[in-house]
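Enquirer: this one's structure only:
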């Protein structure tokens, strides 16, 4: 029985570890400035936890087999513990866990405590059951006023986000159902939600933030690779949660300007 | 030690109703909780089976049930989580085994407040019935998930099931909170006041410590959830705006203003995180007890184990914000929540080291309870080590609300806690029913369940890393999720096999209850007080005798002793630990 148990625990451990090491399934390739930092912290955490996982599971398997009761077993080691050992592994765990955490905090701080760089492109993201809308403030660089009283999801576009067209700043606002971003330029994002909580998640950009009704949450990030990335809503928002899907097109600055100008011209 | 309080001796019950239905006997009440949880775990498991089937075959037409729609999937998911967390993981370890075993292990004739004990069971039962009723009302069960975030949970028009079903859901949880508060008071008072002579706090079995700390957590946590739930009911039905700002749902402007959806998240997780420990601490206690018993060795670092549980409980109240890193909460507070969360890893690691230390150089006997306790340690390690990923806000940018999170909490608070319940069942079954369970069936059940559990939940880590979002009823609408369907299909098959294996347990349980070989008073050669009394114990637990305690709870392999275990009531040995 001890042997069977050791075999099973070791098997589980080694198979699980194999798929982590082989990276059969892994984080999607990063496409933003923060991705390398985040992935680095992920890798560090993963190596440390992997070592502890292997050490703990393999020794668990070994101990249950090695110390199974046999006729030839020597008397058990009668002991109530060992204070030196307790202090040692408490201290060690504390240093590893808290140290790891402090290292990760730098990335978090650089992303969240500082405002967006000057000259960042402004985009407002609005989530509603079950669609995303994106608003660009237009040449004046100022978002027009919106009001919940004017929101009409069935009208789509400007009507869906409740844009108040009597506000002069609203005249040149562009509202779209697809997000376009220029590459290598910081994005100053405003996140809002109309009805319930949604979460704007773009895995390759290593970006996730809830959009909360009543809050206007400011975030910033910088896409670094041209491409098309999927947005998947990451906060349960109702029966259509699974299909609350959108696209981010990261394009060159030139293409971005062209696209935005075309949207302005359409209005 | 506190002055012992004499319990008003309640007369031995007479008729069937007073003996088995409205019983004041903690042993009967413990069994009532146990069987309630047993029905709940099978309902919860069945719901998860339907979920797994729908994820892979979204258009499949099932016999009787028909086709599962996306909103039905979310209702199944909500009810699965809620039933499992409240009516299984909170009910079985504490209400079930705690109720049955704690008074006996401290040498008391019953709980401190037997009537309150009966009341807390029947209140739990009422909550359970109200919860199940949500399935059968117009619109069905709510779809807002077990965390019930408003505005989704606060607005009737936000989705199917958010009408009467959601009201019943909240009402049930509120009733459950009341029941848990009553239970918690009883456990705390009993542990403090009814310990037998010589049963000092530092001689309490670690199971008693775990139930005691769990009760304190329950007392502090459930009151907050109760208040939060009442506010949610007011928002839903009386037009208040605690959680609701001005919103437009389905094109309709709501008449709410000024509330904050984040308030609910703070209140909910102030309960929700300690709840994780409410589910897992009793499992830690029972694992410690069993590892020591079946390794024939004293527990390694008894005091460290007690301090570790106390600090897990203490820190457990200061980490709720780690569920909210992506919520829009201040990024500065994420720092504090994150570091405090990492601190919880320390006592958890201490416990693991001490469990390994307990088995080290022991004489391990592989009875089924021991298999489950070893499985608990393995799952606790695996589930625990994904914690330091999720505790870092910067990694949550990728991992929050992906399958990595269900992988983490299912391993540690779901299945590890369930393994604790299985271990406890196989361990105390002889005492509770006077018969032994079948070892061969127990072993088959264990090996399939352990392998199956890992086959289900380990791949979910990979899915989460790849960005598979949680709470998706199907993966057909997002291109990168479609690529993950084969791995999801594997998980579904693993779940079907693992769920099927649970019937081995049920068969073993009921067959052994009536046909198992008769158990002796102390079949495991264990040391704690429940093994000093008759099997099953008489109505007042010790047949008119009050036990006197001379030893610590885990005196195995004492050099010079006549046998390899010294019971707590035996003459003092080993410096009277």
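Expert: Here it is on my side, so go on. Since this is a predicted model, take the numbers as computed values, not measurements. Numbering: from 1, shown residues only, chains lettered A, B, ... in the order given.
Enquirer: Please make it C-alpha for all contacts and neighbour counts, starting now.
Expert: OK.
Enquirer: what about residue A:262, which helix or strand?
Expert: Per DSSP states H and E: residue A:262 is located in helix A:253-266.
Enquirer: what's the burial count for residue 259?
Expert: Using chain A. Look at residue A:259: counted by other C-alpha atoms under 10 Å in any protein chain shown, it has 15 neighbours.
Enquirer: ah, I was thinking of chain B
Expert: Neighbours around residue B:259, by other C-alpha under 10 Å: 18.
Enquirer: again, but for residue A:1
Expert: Here the number of neighbours of residue A:1 (other C-alpha under 10 Å) works out to 14.
Enquirer: ok now do residue A:232, which residues does it touch?
Expert: Applying C-alpha atoms under 8 Å, 6 or more residues apart in numbering or on different chains, we find residue A:232 in contact with A:200-202, A:243-246, B:469, B:478.
Enquirer: Out of those residues, list just those in strands.
Expert: By the criterion of DSSP state E, membership of the contacts of residue A:232 in strands covers A:200-202, A:245-246.
Enquirer: who wins for neighbours among those?
Expert: Ranked by neighbour count under the definition other C-alpha under 10 Å, those are headed by residue A:201 with 26 neighbours.
Enquirer: contacting residues around the closest residue to it other than its chain neighbours?
Expert: Of all residues beyond its chain neighbours, the one nearest residue A:201 is residue A:208 (4.3 Å), with distances taken as C-alpha to C-alpha, 6 or more residues apart in numbering or on different chains. Contact criterion C-alpha under 8 Å, 6+ apart gives A:199-202, B:326, B:397-398 as the residues in contact with residue A:208.
Enquirer: what mean pLDDT does the helix or strand in which residue B:488 is found have?
Expert: Assignment of secondary structure by DSSP H and E places residue B:488 within helix B:485-515. Averaged across helix B:485-515, pLDDT comes to 97.
Enquirer: That one: which residues count as buried?
Expert: Within helix B:485-515, the residues that qualify as buried by neighbour count (16 or more other C-alpha atoms under 10 Å in any protein chain shown) are B:485, B:488-489, B:491-496, B:498-499, B:501-502, B:505, B:508-509, B:512-513.
Enquirer: Next: stretch B:435-455.
Expert: B:435-438, B:442-443, B:445-455.
Enquirer: Distance-wise, check residue B:516 relative to chain A.
Expert: Residue B:516 sits 22 Å away from chain A, going by C-alpha to the nearest C-alpha, to the nearest Å.
Enquirer: give me the number of residues near that residue?
Expert: 18.
Enquirer: Tell me which residues touch it, please.
Expert: B:435-438.
Enquirer: again, 7 Å this time
Expert: The contact partners of residue B:516, by C-alpha atoms under 7 Å, 6 or more residues apart in numbering or on different chains, come to B:435-437.
Enquirer: Just the ones of those residues in strands?
Expert: Among the contacts of residue B:516, no member is found in strands (DSSP E).
Enquirer: and the spatially closest residue to residue B:108 that is not a sequence neighbour, how far is that from residue B:428?
Expert: Spatial nearest neighbour of residue B:108, chain neighbours left out: residue B:194 (5.7 Å); criterion: C-alpha to C-alpha, 6+ apart. For residue B:194, the distance to residue B:428 under the criterion C-alpha to C-alpha, to the nearest Å works out to 22 Å.
Enquirer: can you check residue B:348 too?
Expert: When C-alpha to C-alpha is the yardstick, residue B:348 and residue B:428 sit 25 Å from each other.
Enquirer: burial count for the closest residue to residue B:206 other than its chain neighbours?
Expert: Among residues not flanking residue B:206 along the chain, residue B:285 sits closest, at 5.0 Å (C-alpha to C-alpha, 6+ apart). When neighbours are counted by other C-alpha under 10 Å, residue B:285 registers 22.
Enquirer: and the stretch 401-550 of chain B, which residues reach chain A?
Expert: Counting by C-alpha under 7 Å from any C-alpha of the partner chain, the residues of the stretch 401-550 of chain B close to chain A are B:401, B:458, B:462, B:465-467, B:469-474, B:477-478.
Enquirer: farthest-separated two in those residues?
Expert: B:458 and B:477 (24.5 Å; C-alpha to C-alpha).
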